[in-house]
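S.K.: Fold the stuff below for me.
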Amino acid sequence: MKHFAATALGLALLGAPAFADGHATGDAEAGEKVFNKCKACHSIVDADGEAIVKGGRNGPNLYGLYTRVAGTEDFRYGDSLVEAGEAGLEWNEEEFVAYVADPKKYLAEYLDDKKARSKMSFKLRGDEDAADVWAYLVSVGPEVEAEADSGS
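M.R.: Residues are numbered from 1 along each chain as shown. Okay, here's the model as predicted:
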């Protein structure tokens, strides 16, 4: 059993992205595939207007989501998500994974208000898929681009 656990851990570490220095623990390549579920509502468009992923407009652009204050990007967010941002919610892997699992429940708990609502009705079940999507979003975001440009 110890051999199996060591092998599993080793394989998991081999699959970890090179940029997972605290920003992301998932597999960006797998996350790109899972993101197909998200692009019905979300796109990823960089600061220059170049589409990384063409998607729907029912949800906000997810480019540069890492450390973004919730409910602050150019989009018409629901009141509860704006309130969460005003209360200090910044997107990181832990918050993202919890939110996408059940947005309404997450906001109700975060705001300690059972009447809190989210415009996002989709639930991405499975922490691994959510972590993979997060890794993908970070991999195409400005943080990784800046690190690549600086030679890090």
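S.K.: drop to CA atoms for contacts and neighbour counts, all remaining ones
M.R.: Noted.
S.K.: Endpoint to endpoint, stretch 48-66 covers what distance?
M.R.: End-to-end distance of stretch 48-66 (CA to CA, to the nearest Å): 18 Å.
S.K.: Buried residues, that stretch. List them.
M.R.: Residues Val53, Gly55, Gly59, Pro60, Asn61, Leu62, Tyr63, Gly64, Leu65, Tyr66 are the ones in stretch 48-66 that count as buried (16 or more other CA atoms under 10 Å).
S.K.: Not counting it itself, show me its contacts.
M.R.: With CA atoms under 8 Å, 6 or more residues apart in numbering as the contact definition, stretch 48-66 has outside contacts at 23, 39-46, 73-75, 90-93, 120, 137-138, 140-143.
S.K.: Pull the contacting residues for Glu143.
M.R.: Per CA under 8 Å, 6+ apart, neighbours of Glu143: Gly64.
S.K.: Residue nearest the middle of this structure, spatially speaking?
M.R.: With distances taken as CA atoms, centre = their mean, Trp134 lies nearest the centre of the chain, 3.6 Å away.
S.K.: residues in contact with that one?
M.R.: So Trp134 contacts Ala24, Gly26, Ala28, Gly31, Glu93, Phe96, Val97 (CA under 8 Å, 6+ apart).
S.K.: which element is it on?
M.R.: Assigned by DSSP states H and E, Trp134 belongs to helix 127-139.
S.K.: Distance from the chain centre to that helix, please.
M.R.: For helix 127-139, the distance from its own C-alpha centre to the chain's C-alpha centre is 6 Å (CA atoms, centre = their mean, to the nearest Å).
S.K.: same check, this time on stretch 65-83
M.R.: 13 Å.
S.K.: can you check stretch 46-59 too?
M.R.: A distance of 15 Å separates the centroid of the chain from that of stretch 46-59, by CA atoms, centre = their mean.
S.K.: can you list the residues that contact stretch 107-121?
M.R.: Residues contacting stretch 107-121 (CA under 8 Å, 6+ apart): Gly59, Tyr77, Gly78, Asp79, Ser80, Leu81, Glu83, Ala84, Tyr99, Pro103, Lys104.
S.K.: could you redo the last one with a cut-off of 6 Å?
M.R.: Outside of stretch 107-121, the residues within contact range by CA atoms under 6 Å, 6 or more residues apart in numbering are Gly78, Ser80, Pro103, Lys104.
S.K.: try stretch 36-45
M.R.: Outside stretch 36-45, the residues within contact range by CA under 6 Å, 6+ apart are 51-63.
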